[in-house]
Structures are given as C-alpha cells and as structure tokens.
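Undergrad: Got a predicted structure here, sequence first:
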Amino acid sequence: MLDSNHFLAEHRRLTRRWFLGLSAGGAVAAGLWPNLLRGADLTPECAKACEEALKRLEYLTSQKDFGDVSRGNPLPHRLPDEKKKEVGLTTETWRLEVIPDAATDAVVENPLTKAKGNALDWTGLMKLAEKYAVSVPKIMTCNNIGRPLGMGFWEGVPLREVIWMAKPKAHVRRVFYYGYHNDDPKQMFRSSLPIGRVLEDPLGLPPILLCYKLNGHFLNPQSGGPVRMLVPEAYGFKSVKWLTTVVITNLPG
C-alpha cells in the first residue's frame, strides 16, 4: 500500500537550493538529456556521468517504494515463477504481438504474431534499443488517488518503431493495447491511443514508449516488467503493465 507520509518525508528536500546543490556531474548529465531524448549516441564518459548523476537525484523514487495500484486476481506480478514463464512475463519468454483488428477493415501487411514466429521478443527489443532508446522523466499518477505513485526516469523504445515493423497500410485510426491478466477476459485491462499520437510527437512531447527500465534498472514484475507501455503525458491507466498485445484498428475510439 502507498504510505503518503513516507512519500512526503522521502521528498521533503525537493527545493530550489537542493537542485542548485547538485554536483558538476549532475549538471553535465542534465545537459545531456536533450541528446538522450533525440536518441543520440553517448560516449562512455558521458554515459558514466549520466549514471553517476542519476544516483544523486534522491527525488527519484526507487522501484521498491513506488505506489502500486495494479489490478488482477491474483495480481500478475505475484504469480509463481513457472507461471510467469509460461505466460510470457519473463525476459526469456516475453513476446509482443502487433495485429490488425479483425472486427474492422484495418490493413496490416506484416502482423507480428506468435503463430508466425515473428512476434517481437526481448532480444529484438534490446536490438531496437541500441538505436532508438529514449529516457523520459515522469511522475506516475492515478486519476483516483490524490498523491503521486512515484517519480522516475523511464526508458524504452518508441512504440512507432514496432508499429512500422508491422507495416500498417490502410484504414488505421487507433491502437488498442493490453497486458497479461490471468487468462480471464473479464479481467483484461486495456487502453488506446490515436494512431497520430503514436506515430508523431505533437507539441514537443516525448514518444509513446515500450518501456523496460525505471531509473536505470530493468522493470521488476510489480512495476510492469518485463515491458509496459509508457504514455508520458497521461495518467497511469494509459501506461498498461505486462504488455503483450497491440491491436491496430479502424475504430475512432
């Protein structure tokens, strides 16, 4: 459960004076974030400076201290290890399908599916990350709770890179996406975004991410690992955990 007193105590030093007291390494790293957002390569020295600066940013919430409002009965992150492997909630067994909505006339030339053997796996995602990885600062919030769940730097690959791999061709308006929820259709928790928001970044917003890291560490199961959605500008319900499926549809909403 989220302890608001603990959260406030942990972040009580968030002041202008505290930020101004960051080390030179922190200032260097701050200057590098625009490069990270553009997906630019960093030298080993710059990468080390970023890593050291992140360690000093005490305002960041560690994964173990993040608030959790996960849904499911049982909660997916509490499943036995063997069950997690069976349903794709480990890096070795995770697969992401990108498919057309059979109920609409959406045309996708190269669906990514387990049946075809071309669903995106962890190795493929990490290969994309070598070229496209993006880090985004975000306070995770819930629209039903009056306090933040936590603050962090989230890392992932823009969803659009994987959408393009599926080769959408025509009659595409929106993407729906959902994660694993206990093989029970009634427990499915899904969300959606306009295709325009996925393929472009309006008003300078960061991209929609297939997220695999928080504060420099791979996501643990409670945080939605191995892969979750990350929608930078939205409440947490848009950033669906335990991501398994993206559906390209012609539905308007």
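TA: In hand now; what should we look at?

Undergrad: contacting residues around Gly152?
TA: Counting by Cβ atoms under 8 Å, 6 or more residues apart in numbering, Gly152 touches 60-61, 66, 137-138, 140, 214-215. Using the backbone N, CA and C atoms, a C-beta is placed for each residue, glycine as well.

Undergrad: Of the residues you listed, which pair is most distant in space?
TA: Within those, two members stand farthest from each other by Cβ to Cβ: Phe66 and Pro137, at 14.6 Å.

Undergrad: of these two, who's got more company?
TA: Ranked by neighbour count (other Cβ atoms under 10 Å), Phe66 and Pro137 place Phe66 first, with 20 against 14.

Undergrad: residue contacts, the more buried one?
TA: By Cβ under 8 Å, 6+ apart, the residues touching Phe66 are 140, 149-150, 152, 214, 222-223.

Undergrad: rerun at 10 Å
TA: Contacts for Phe66 (Cβ atoms under 10 Å, 6 or more residues apart in numbering) come out as 2, 7, 140, 148-152, 214-215, 220, 222-223.

Undergrad: of the residues you listed, buried ones?
TA: Neighbour-count burial (16 or more other Cβ atoms under 10 Å) applied to the contacts of Phe66 gives 2, 7, 140, 148-152, 214-215, 222-223.

Undergrad: quick one on the thing from earlier: go through the contacts of Gly152 and name the one nearest Thr93.
TA: Ranked by distance to Thr93 (Cβ to Cβ), the contacts of Gly152 are led by Leu214 at 20.9 Å.

Undergrad: so how far is Val108 from the closest residue to the closest one other than its chain neighbours?
TA: Spatial nearest neighbour of Leu214, excluding adjacent residues (Cβ to Cβ, 6 or more residues apart in numbering): Gly152 at 4.8 Å. Gly152 sits 33 Å away from Val108, going by Cβ to Cβ, to the nearest Å.
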